[in-house]
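1. test case, fold it:
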Amino acid sequence: MTKVFGLIGKKLGHSFSKRYFTEKFARENIGNCTYQLFEIDSIDQLPGLIKTEKNLVGLNVTIPYKQEIIPFLSAIDKAAERIKAVNVVRITADGLVGFNSDYYGFKNSLNNWIGHATGIKALVLGTGGSSRAVHVALDDLGIEYHSVSRSKGPANMTYDDLSKEVIGSCHLIINTTPLGMYPEINSYPDIPYGYLTPDHYLFDLVYNPLDTEFMNRGQANGARVKNGIEMLELQAEKSWEIWNAELA
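-> Predicted structure coming up:
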């Protein structure tokens, strides 16, 4: 039996998961496995997809379904429950089990980059599913942060609140929004880039293109920048570990 793994989301033209896993299967001589992209217009189409794809055993989940998928699960991993978002699903005879590899990928990628930095404060741009994993990782790393959204809320500030003083006190800025992702490569978070300095680190979870407008504008003001490709690779390997540990 060929085991089918895949990615569900609304628009998957930006995804590199199929290529990554296809190359992994070839490189590591992993037989009887395939990775497919499943674009669905609504999370309500998930049960039908699983029923149709008889050999489907594992899924990755992307925008906008990381939170919407939770009611469809029969069980959820403690870390994913804490984050309240799921991006890895194991399909079993007893139902769907949800996990989160965003946390693992982000935390380790950030550590690889600025593990030496101490006392740094962060701004997290966006309040979607990916931001939840970033929040938990920052909490576990002991990094104080503020959430930034287009709308004012009790737990976040808005882009209009990003004064010179705020930018000057938060030297790590993390973009968890899809702004700048292919094909909308000219879009970017509306922060005051002119207040950035060489002491700033800009981490963009976007990975396509490799150099986003957010990163380019940061670099133009001396900031150090990093894209989401390493995070994605770490997430992919964590997904594979989850699927196989549970399926063994």
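
2. now do the strands in the chain.
-> Ranges of strands in the chain, per DSSP state E, are 3-9, 33-39, 56-61, 75-76, 88-92, 95-99, 121-125, 144-149, 156-158, 172-175, 201-204, 224-226.

3. what residues of the fifth one count as buried?
-> Residues of strand 88-92 classed as buried: 88, 89, 90, 91 (neighbour count, 16 or more other CB atoms under 10 Å). Quick note: C-beta positions are derived from backbone N, CA and C, even for glycine.

4. just the closest of those to residue 202, please.
-> Taking CB to CB as the measure, residue 88 is the one of the buried residues of strand 88-92 closest to residue 202, at 26.8 Å.

5. how near is the residue nearest to that closest one when sequence neighbours are not counted to residue 79?
-> Once flanking residues are discounted, residue 88 sits nearest to residue 99: 4.1 Å by CB to CB, 6 or more residues apart in numbering. In this view, residue 99 and residue 79 are 7 Å apart by CB to CB, to the nearest Å.

6. more crowded one of those two?
-> Higher neighbour count among residue 99 and residue 79: residue 99, with 29 against 15, using other CB atoms under 10 Å.

7. surely the more buried one meets residue 75?
-> No: between residue 99 and residue 75 there is no contact under CB atoms under 8 Å: 9.9 Å.

8. now do the domain split for this structure, please.
-> Domain ranges of the chain: 3-100, 103-230, per automatic domain parsing.

9. closest one to residue 245 among the ones you listed?
-> domain 3-100 (9.3 Å).

10. so how far is that closest one off the chain centroid?
-> 14 Å (CA atoms, centre = their mean, to the nearest Å).

11. quick one: closest of the domains of the chain to residue 242.
-> Across those, closest to residue 242 is domain 3-100 (CB to CB), at 5.2 Å.

12. any weak-confidence spans in this protein?
-> The model of the chain has pLDDT under 70 over residues 14, 246-248.

13. quick check: longest helix in it by residues?
-> Across the chain, the longest stretch assigned as helix under DSSP state H is helix 229-247.

14. counting contacts, what elements does that helix pack onto?
-> Contact partners of helix 229-247 among helices and strands, from 3 or more CB pairs under 8 Å, 6 or more residues apart in numbering; DSSP states H and E: helix 17-27, strand 56-61, strand 88-92, helix 102-114.
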